Structures are given as structure tokens and as C-alpha cells.
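J.: just the structure for this:
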Amino acid sequence: MSPSDNLSLQITNHKLNSRNFLQWSQSVLLVFCGRGKMGYLTGQTKRPKAGEPDRATWELDNSIVMSWLINSMEQQLSQNFLFLKTAKAIWDAVTTTYSDLGNCSQVFELKTKLGKTRQGTLEVT
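T.: Just a heads-up that it's a prediction; the model follows:
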């Protein structure tokens, strides 16, 4: 971690719930990109082997990134991801679990709006 990193555990006002994955993920990605920590989500920042000089720094950074992720979720959701070992594992599990749900709910909302759309006295289908 660099001295300029804000170690606050709250990184975004969007707490992940079961309906807002798209907004939450975009907020999280902006924060992580801005803090130079995207590699922990993508796996590009590799864990050094045991005994390598950067291993302790990687473990520290990974733990902080994991904390940021966990604390950006509603408590009932975050407990499902507490025991994963890396920030990438958390990110992948959250994405797998919630990304399709967000898309489905948005499609449903759009179809509902379309179903209520009229042009004059005619329904738009």
C-alpha cells in the first residue's frame, strides 16, 4: 500500500444487494482502478511464492482489497464470501452469482415498461 491509499473500509456508497450488481460493480471498478489495485481483481497481480521478498506486501494488499470488497456489500451477502482466500476469488464469485441477476431484472423492467407503452390508442408490441 502506498501512503496515499485511503485505508477507509467503505469504498463506495453503493452497497451490493441482490438487485444492484451493475451499479455496484462499476463503482467498485472505478475505485480500484483509481487506487491502482485492479490487478488484485483480475489476477494480474500474482501472489509471489513463499519466501520471495514481495510476498508480505502482496498478502497485506490482498487482505485490504478483500476488506474493501466485503465491506461494500450488505451484511447478509458478504458473509457468503468471507472465507475465500483472495480478492480475485471474491470478485469472481460475486460476479458469477449476481451479474446475470442484474441483467435479468433490467430486461424484465424494460419489458414491463414496453408493455405499458402506447401510441395514441394502440399498444406498442
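
J.: let's verify Ile51: helix, strand, or coil?
T.: Check again: residue 51 is Gly, not Ile. Classification of Gly51 by DSSP: H, G, I helix; E, B strand; the rest coil places it in coil.

J.: and the pLDDT for it?
T.: Listed pLDDT for Gly51 reads 94.

J.: next one: Thr57
T.: Thr57 is assigned 96 on the pLDDT scale.

J.: list the contacts of the residue positioned nearest the centre of the chain.
T.: Closest residue to the average C-alpha location of the chain: Ser25 at 4.1 Å, with Cα atoms, centre = their mean. Applying Cβ atoms under 8 Å, 6 or more residues apart in numbering, we find Ser25 in contact with 95, 99. Just so you know, the C-beta spots here come from the backbone N, C-alpha and C atoms, and that holds for glycine as well.

J.: ok, 6 Å please
T.: Neighbour list for Ser25: empty [criterion: Cβ atoms under 6 Å, 6 or more residues apart in numbering].

J.: ramachandran angles for it?
T.: Ser25 adopts backbone torsions of phi -60, psi -40, taken as degrees, to the nearest 10.

J.: so for it, what's the pLDDT?
T.: Listed pLDDT for Ser25 reads 92.

J.: for Phe83, see how far away it is.
T.: Per Cβ to Cβ, to the nearest Å, Ser25 is found 21 Å from Phe83.

J.: just give the nearest non-adjacent residue to Arg47, would you?
T.: The shortest distance from Arg47 to any non-neighbouring residue, by Cβ to Cβ, 6 or more residues apart in numbering, is to Trp58 (5.5 Å).

J.: show me where the chain has its helices.
T.: 21-34, 38-42, 55-71, 75-78, 87-115 (DSSP state H).

J.: tally of neighbours for the residue nearest to Arg47?
T.: When neighbours are defined as other Cβ atoms under 10 Å, Trp58 has 16 of them.

J.: from now on call the first residue 33
T.: Noted, 33 is the first residue going forward, which turns the last one into Trp90.

J.: for it, give its distance to Lys148.
T.: From Trp90 to Lys148 the distance is 52 Å (Cβ to Cβ).

J.: do the same with Asp132
T.: From Asp132 across to Lys148, the span is 25 Å (Cβ to Cβ).
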